[in-house]
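>>> following is a predicted model, sequence given first.
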Amino acid sequence: MSHDGPLRAIRLLRIGAVPQALVADLAARVSVVTALPCRAGGAAGIEPVPLAARAQVDADRLLEALERLPRERGTVTAAVTAADMGSPIFTHHFGRARHGGHALVISLARMTPVFYGLPEDRDLMLRRASLELLHELGHVWGLGHCRDNGCIMRFVPSVEGIDNRGTTFCAACAASVPLPAALAPR
């Protein structure tokens, strides 16, 4: 559970060259899925830190910077970046969050079909991004990775995994933490 009480809203910011219209569309999708207000804000004002000898930004440093931003009680600060994220021990991250934290970050870089040499598909990218945001929100709420293939909390190392895992929390994950009613399995 979020350390400062019930989850009341999600504030979605952008880091770097992410169009505001895309953030607004993502916020609308997340609001529908979670039944929580997800408000599209502006730029986070965070400068990504490059990873040494890699064409990526440091996912953990982005998350730490987001955690330092001021926020309202009960609000999760979420951010989206177009930059490819990684860390010294992982080749890439689709998203990062801390268990019981109050911030999360997702990267669109590997969610767009263009990354894999395929034609652009904005709807597919937004679907993947909303699912990854929900997965990271589960971590904020205190959930770990799940073994259930149908659970949104299943760890996936590839974009195909995002496409193939479930879109909701399994009953076991929902029972393990007090999820807000909006996030409980339907």
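Now that the structure is in, tell me what you want to look at.

>>> pLDDT wise, what is Ser176 at?
pLDDT recorded at Ser176 is 79.

>>> all strands for the protein, in order.
9-15, 38-43, 57-58, 75-81, 85-87, 90-93, 95-97, 103-107 (DSSP state E).

>>> adding mean pLDDT as columns, could you present these in JSON lines?
Shown next, in JSON lines, are these (pLDDT from 0 to 100):
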{"stretch": "strand 9-15", "mean pLDDT": "94"}
{"stretch": "strand 38-43", "mean pLDDT": "91"}
{"stretch": "strand 57-58", "mean pLDDT": "94"}
{"stretch": "strand 75-81", "mean pLDDT": "95"}
{"stretch": "strand 85-87", "mean pLDDT": "94"}
{"stretch": "strand 90-93", "mean pLDDT": "92"}
{"stretch": "strand 95-97", "mean pLDDT": "97"}
{"stretch": "strand 103-107", "mean pLDDT": "97"}
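
>>> closest to Gly138 out of the ones you listed?
strand 95-97 (8.3 Å; Cβ to Cβ). For glycine as for every other residue, the C-beta is placed from the backbone atoms N, C-alpha and C.

>>> nearest spatial neighbour of Leu63, chain-adjacent residues omitted?
Spatial nearest neighbour of Leu63, chain neighbours left out: Arg96 (4.7 Å); criterion: Cβ to Cβ, 6 or more residues apart in numbering.

>>> bridged to the one you found, which residues?
For Arg96, the beta-bridge partners are Val105 (DSSP bridges).

>>> you'd agree it is up against Leu133?
No. The criterion here is Cβ atoms under 8 Å, and Arg96 misses it with Leu133 at 11.6 Å.

>>> which residue is nearest the centroid of this structure?
Leu133 (2.8 Å; Cα atoms, centre = their mean).

>>> show the pLDDT at the residue of the chain most remote from its centre.
The C-alpha centroid of the chain is most remote from Ala53, which lies 25.4 Å away (Cα atoms, centre = their mean). Each residue has a pLDDT score; the one for Ala53 is 84.

>>> relative to Thr91, how far out is it?
13 Å (Cβ to Cβ, to the nearest Å).

>>> likewise Asn164?
20 Å.

>>> please apply the same query to Gly117.
Distance from Gly117 to Thr91, by Cβ to Cβ: 18 Å.

>>> which of these two has more neighbours?
Thr91 (10 against 6; other Cβ atoms under 10 Å).

>>> circling back to that earlier point, any chance of the strands of the chain in JSON lines, with distance to Phe169 too?
Converted to JSON lines, the strands of the chain look like this (distance: least, Cβ to Cβ, whole Å):
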{"stretch": "strand 9-15", "distance to Phe169": "16"}
{"stretch": "strand 38-43", "distance to Phe169": "17"}
{"stretch": "strand 57-58", "distance to Phe169": "29"}
{"stretch": "strand 75-81", "distance to Phe169": "16"}
{"stretch": "strand 85-87", "distance to Phe169": "24"}
{"stretch": "strand 90-93", "distance to Phe169": "21"}
{"stretch": "strand 95-97", "distance to Phe169": "15"}
{"stretch": "strand 103-107", "distance to Phe169": "16"}
